[in-house]
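A.B. asks: the sequence and its predicted three-dimensional model are supplied below.
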Amino acid sequence: MEPRIGFCTNPDGFRIAYATLGHGPALLIPPAYFHILSSIDLLPGLRNFLDSIARYHTVVIYDQRGAGLSDRNRTIFTLESELQDLETVIDHLKLDRIVLEGMSMSGPITIAYTARHPERVSHLILYGTYANYGKLVPKELKESISSLLHSHPWLGMRTLASFVVGNDSAYTELISVAQAENVSPENAAHFMEMLFELDVVRLCPGIKTPTLIVHRKGDQLIDFKAGLELASLIPNARFIPLEGSMHMACFGDTESVLHNTFEFLNDPVTDDKAAKATRPATKKSGHDVFISFAFEDRESAAKIYAHLKGSGICPFWCEEITAGGDYPQLLGEAIRNSKSFLLVLSDSSDNSASVRKETTIAHNNKKPIIPVRIKNVLPKNLEYLIANSLFYDAFPQPLEQHLPRLTNDIKKIISSKVDKKEKIK
């Protein structure tokens with residue numbers, strides 16, 4: 001199901017972008033620092049997670065003001081400003097009764113909204129969040145994160161991505177690309193500072209709404225102790241500790257998160273259905289095209305991935321590999337199970353050992369190799385492996401203008417309609 005994107009304006013005149021998908025009772029998920037509207041197709045795990053919930057609910061999501069498709073111009077980062085935007089979306093959509101799901105930084109916002117409007121919230125779900133996390137984090141660490149984002153934006157953004165997904169490089173790639181496209185380093189620093197400043201401890205004892213609290217024991221961003229404290233503050237809250245270290249609910253063991261959510265809301269879903277909903281449908285049958293790229297070219301690769309996926313092609317992206325698995329082995333299997341192999345070709349990929357390994361596997365398994373040059377360079381290290389391949393030049397910029405032709409030819413290749421190849425000149 002495709003998200004329906006719309007816009008509304010808060011009392012101060014700022015635009016807020018929101019999206020809805022599915023049908024049924026409204027379940028609203030405020031942005032948890034990570035901004036979702038333009039990242040839904042970039043992160044298959046996120047899309048599968050939302051689609052699962054949308055089978056029984058109208059899911060409402062929106063971009064935090066200062067990021068994504070919402071107004072980027074923002075100078076005030078407070079609990080009250082976040083509440084104002086949440087109230088704006090709810091009032092605009094005329095939602096009289098909702099389920100609120102707060103994750104990470106949005107947890108305190110949903111708690112504050114529930115305390116202010118208890119008659120409008122039927123259930124409160126809190127995942128990987130806190131009442132006052134700032135007191136649990138050393139002052140030196142908070143200052144170093146803020147300083148890193150201000151002084152070395154790229155390194156700071158990648159560090160944040162690693163907090164979200166731990167040491168999994170595949171997920172870090174995706175989060176880094178999404179962050180770079182959705183939020184400026186300056187606003188990212190302000191969001192992180194606000195994460196440490198939010199404090200709703202005094203509001204928690206007054207929450208009477210049925211509340212579910214879920215927290216992974218190894219959460220890399222919000223310590224498990226914060227979840228324990230939160231559970232002790234809200235009367236009669238149901239606390240579910242889960243294994244795992246992924247901070248985002250849509251990565252890692254999503255089945256457990258969904259199962260507990262459905263059970264809490266009395267949705268008629270079994271474990272088997274939840275598991276099926278969260279698994280990419282193409283895993284067993286393979287993908288249409290495997291996308292190989294060097295780290296430096298991740299943004300270009302992400303744009304190619306999104307365009308192919310939006311055109312009905314099933315591309316492989318590293319997020320498809322389960323965290324904690326044998327990454328090299330699973331990567332090889334993904335290449336062998338794909339119908340074709342797309343190489344994002346630049347001087348960086350030509351010098352990348354990992355790209356060479358992936359290309360060698362594709363070559364040895366006789367996969368059609370499609371080198372897409374994003375820079376005007378000729379391969380040296382990869383020349384033997386791709387010498388008989390059909391080349392596509394995706395320059396000059398913007399990259400997007402070259403993607404329709406590439407997409408059409410890939411459709412022909414995967415349907416075995418193109419046999420002609422030309423050598424690199």
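C.D. replies: Alright, I've got the coordinates.
A.B. asks: show me where the stretch 251-400 of the chain has its helices.
C.D. replies: For the stretch 251-400 of the chain, the helices defined by DSSP state H, counting those that start in this stretch cover 254-264, 271-278, 298-310, 327-336, 347-350, 353-364, 383-386.
A.B. asks: tell me which of these lies nearest to residue 19.
C.D. replies: Closest to residue 19 of the helices of the stretch 251-400 of the chain is helix 298-310 (C-beta to C-beta; 15.2 Å). All C-beta spots, glycine's among them, are computed from the backbone N, C-alpha and C.
A.B. asks: what residues of that closest one count as buried?
C.D. replies: With burial defined by 16 or more other C-beta atoms under 10 Å, the residues of helix 298-310 counted as buried are 298, 300, 301, 302, 303, 304, 305, 306, 307, 308, 309.
A.B. asks: residues contacting the fifth one?
C.D. replies: Taking C-beta atoms under 8 Å, 6 or more residues apart in numbering as the criterion, residue 303 is in contact with 399, 400, 403.
A.B. asks: show me which of these are buried.
C.D. replies: For the contacts of residue 303, buried by 16+ other C-beta under 10 Å: 399, 403.
A.B. asks: so where's the protein shaky on pLDDT?
C.D. replies: 1, 33-36, 39, 41-44, 153-154, 161-174, 269-285, 318-328, 416-425 (pLDDT under 70).
A.B. asks: walk me through the domains of it.
C.D. replies: Here the domain assignment for the chain is 4-278, 289-414, based on automatic domain parsing.
A.B. asks: number of nearby residues for the nearest residue to residue 235 once chain neighbours are set aside?
C.D. replies: Distance criterion C-beta to C-beta, 6 or more residues apart in numbering; nearest residue to residue 235, sequence neighbours excluded, is residue 205 at 6.5 Å. When neighbours are counted by other C-beta atoms under 10 Å, residue 205 registers 11.
A.B. asks: over to residue 59. Which of the three states is it?
C.D. replies: Using DSSP: H, G, I helix; E, B strand; the rest coil, the structure places residue 59 in strand.
A.B. asks: now for it: which residues touch it?
C.D. replies: 20, 21, 22, 27, 28, 29, 50, 53.
A.B. asks: and the host helix or strand of the first one, what's buried?
C.D. replies: When elements are defined using DSSP states H and E, residue 20 is found to belong to strand 15-21. Along strand 15-21, the positions that meet the burial threshold by neighbour count (16+ other C-beta under 10 Å) are 16, 17, 18, 19, 20, 21.
A.B. asks: rewinding a little: save the helices of the stretch 251-400 of the chain as CSV, and put in distance to residue 109 too.
C.D. replies: CSV is the format used below for the helices of the stretch 251-400 of the chain (distance: least, C-beta to C-beta, whole Å):
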stretch, distance to residue 109
helix 254-264, 19
helix 271-278, 26
helix 298-310, 29
helix 327-336, 36
helix 347-350, 40
helix 353-364, 40
helix 383-386, 50
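A.B. asks: between these, which one is nearest to residue 144?
C.D. replies: That would be helix 298-310 among the helices of the stretch 251-400 of the chain, by C-beta to C-beta, at 25.1 Å.
A.B. asks: tell me which stretches of the protein form strands.
C.D. replies: 4-9, 15-21, 26-29, 58-62, 98-103, 121-127, 211-216, 238-242, 289-292, 315-316, 341-345, 369-373, 392-393 (DSSP state E).
A.B. asks: ok, which of those comes nearest residue 81?
C.D. replies: Of all the strands of the chain, strand 15-21 sits nearest to residue 81, with 11.5 Å by C-beta to C-beta.
A.B. asks: just checking, what packs against the closest one?
C.D. replies: strand 4-9, strand 58-62, helix 79-92 (3 or more C-beta pairs under 8 Å, 6 or more residues apart in numbering; DSSP states H and E).
A.B. asks: with distance to residue 392 added, can I get the ones you listed in a markdown table?
C.D. replies: Listed next are these as a markdown table, based on distance: least, C-beta to C-beta, whole Å:
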| stretch | distance to residue 392 |
| --- | --- |
| strand 4-9 | 31 |
| strand 58-62 | 35 |
| helix 79-92 | 42 |
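A.B. asks: from the ones you listed, which stretch is densest packed?
C.D. replies: strand 58-62 (a mean of 24; mean count of other C-beta atoms under 10 Å).
A.B. asks: direction included, what does it pair against?
C.D. replies: Strands adjacent to strand 58-62 in the sheet, as given by DSSP bridges, are strand 15-21 (antiparallel), strand 26-29 (parallel).
A.B. asks: would you mark the buried spots in the last one?
C.D. replies: Neighbour-count burial for strand 26-29 flags 26, 27, 28, 29 (criterion: 16+ other C-beta under 10 Å).
A.B. asks: returning to what we had before: nearest to residue 370, of the helices of the stretch 251-400 of the chain?
C.D. replies: Nearest of the helices of the stretch 251-400 of the chain (C-beta to C-beta): helix 383-386, 9.1 Å.
A.B. asks: grab the CA positions of that closest one and hand them over as CSV.
C.D. replies: Only the C-alpha atoms of helix 383-386 are listed here, as CSV (Å, rounded to 0.1, in the frame of the first residue of the first chain):
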residue,chain,number,x,y,z
GLU,A,383,38.4,-4.1,-16.3
TYR,A,384,38.8,-7.8,-16.8
LEU,A,385,35.6,-8.7,-14.9
ILE,A,386,33.4,-6.2,-16.7
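A.B. asks: give me the contact list for stretch 337-345.
C.D. replies: 285-294, 297, 300-301, 304, 315-316, 335, 349, 355, 358-359, 362, 367-375, 377, 379, 382, 386, 391, 410, 413-414.
A.B. asks: and it, how far from the chain's centre?
C.D. replies: Averaging C-alpha positions (C-alpha atoms, centre = their mean, to the nearest Å) puts stretch 337-345 23 Å from its chain's average.
A.B. asks: rewinding a little: hang on, the residue nearest to residue 235 packs against residue 234?
C.D. replies: Yes. Taking C-beta atoms under 8 Å as the definition, residue 205 is a contact partner of residue 234 at 7.5 Å.
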